[in-house]
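what's the 3D shape of this:
(one chain, ligands or ions: 1)
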Amino acid sequence: METLEALKKRRSIRKYKPEQIKDDELGAIIEAGLYAPTAIGRQPWKFVVLQNQEDLDALTLLNVHFRKAPETMKPYYGAPTVIVVFGDKGDEPFYEYDCTLALGNMMNAAFDLGIGSCWIWGEKQMFETEEGRELMEKWGLSANLGGVGAIALGYPDGDFPEAAPRREGTVIIRK
Ligand SMILES: Cc1cc2nc3c(=O)[nH]c(=O)nc-3n(C[C@H](O)[C@H](O)[C@H](O)COP(=O)(O)O)c2cc1C
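All right, here's what the predicted structure looks like:
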């Protein structure tokens, strides 16, 4: 797919087929994230790819507790893969920008491969809680890392929706 077309047509997907994405697709998505620009080229991140039910359930529960939502809620929409991106807090204030760009690259790369994605909110706050810290420890992550964001990934169960119209008046060009 042409890059510009992909950038315009990517949409958040909230219904996934249970089938797991292929390893080479996952690899290509991760690689796109790893090539995002970073301040001073530091790449201050750690991507945690969750594909087993135990970890996905633990992440879901952490998110639900953070939202104070019922435990039946599925904030990651039951996606078979979730990538959580953590950044080195020592790289404040840049790490959040850097990790966000990586997440954006990965969502666009996923779309290019016909894979659905959706950014799910809460990781920064979730991983500041005791429950979140315990999960980080279990995943072998050091305390200098902070959650920045997560994307759900999987084959869409349905079509990619149309984009909402773009808001007027959000661009100023001064020649
Ligand atoms: C920082 C951020 C947080 C988001 N959090 C959620 C979320 O928790 N749950 C969700 O379903 N979508 C979430 N989204 C997806 C947005 O709702 C979505 O990008 C927006 O509605 C525009 O739709 P589009 O991605 O299809 O263009 C989030 C997006 C961003 C950038």
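
just the CA coordinates of the longest helix anywhere in the chain, formatted as CSV?
Determined from DSSP state H, the single longest helix within the chain is helix 94-112. Taking C-alpha atoms only, helix 94-112 is exported to CSV below (Å, rounded to 0.1, in the frame of the first residue of the first chain):
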residue,chain,number,x,y,z
PHE,A,94,11.5,13.0,25.7
TYR,A,95,10.6,9.4,26.3
GLU,A,96,6.9,9.9,26.1
TYR,A,97,7.2,11.6,22.7
ASP,A,98,9.6,8.9,21.4
CYS,A,99,7.4,6.0,22.6
THR,A,100,4.3,7.6,21.1
LEU,A,101,5.9,7.9,17.7
ALA,A,102,6.9,4.2,17.9
LEU,A,103,3.3,3.3,18.8
GLY,A,104,2.0,5.4,15.8
ASN,A,105,4.5,3.7,13.5
MET,A,106,3.3,0.3,14.6
MET,A,107,-0.3,1.1,14.1
ASN,A,108,0.3,2.3,10.6
ALA,A,109,2.5,-0.7,9.8
ALA,A,110,-0.2,-3.0,11.1
PHE,A,111,-2.7,-1.4,8.8
ASP,A,112,-0.4,-1.7,5.8
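
Show me what whichever helix or strand comes after that helix is in contact with.
Where DSSP states H and E defines the elements, the next helix or strand beyond helix 94-112 is strand 116-120. Contacts to strand 116-120, defined as CB atoms under 8 Å, 6 or more residues apart in numbering, come from residues 10, 12-14, 16, 63, 75-77, 79, 82, 103, 106-107, 110-111, 149-156, 160. (Glycine included, C-beta is placed from N, CA and C.)

Quick one, which of the residues you listed are buried?
10, 13-14, 16, 63, 75-77, 79, 82, 103, 106-107, 110-111, 149-156 (16 or more other CB atoms under 10 Å).

Now, those that are in strands?
82, 149-154 (DSSP state E).

Put together TSV for those residues, with distance to residue 96 and pLDDT on each row.
Formatted as TSV, those follow (distance: CB to CB, whole Å; pLDDT from 0 to 100):
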residue	distance to residue 96	pLDDT
82	19	98
149	9	98
150	14	98
151	15	98
152	20	98
153	21	98
154	26	98
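
Tell me the one among these nearest to residue 174.
residue 149 (32.4 Å; CB to CB).

my guess is the closest one meets residue 106, correct?
No - applying CB atoms under 8 Å as the test, residue 149 and residue 106 come out as separate, 10.0 Å apart.

Name the residue closest to the centre of the chain, please.
Geometric centre of the chain, nearest residue: residue 151, 2.4 Å, by CA atoms, centre = their mean.

and the nearest residue to that residue once chain neighbours are set aside, bridged to which residues?
Leaving out its chain neighbours, the residue that sits closest to residue 151 by CB to CB, 6 or more residues apart in numbering is residue 117, at 4.9 Å. On the basis of DSSP bridges, residue 117 is bridged to residue 12, residue 153.
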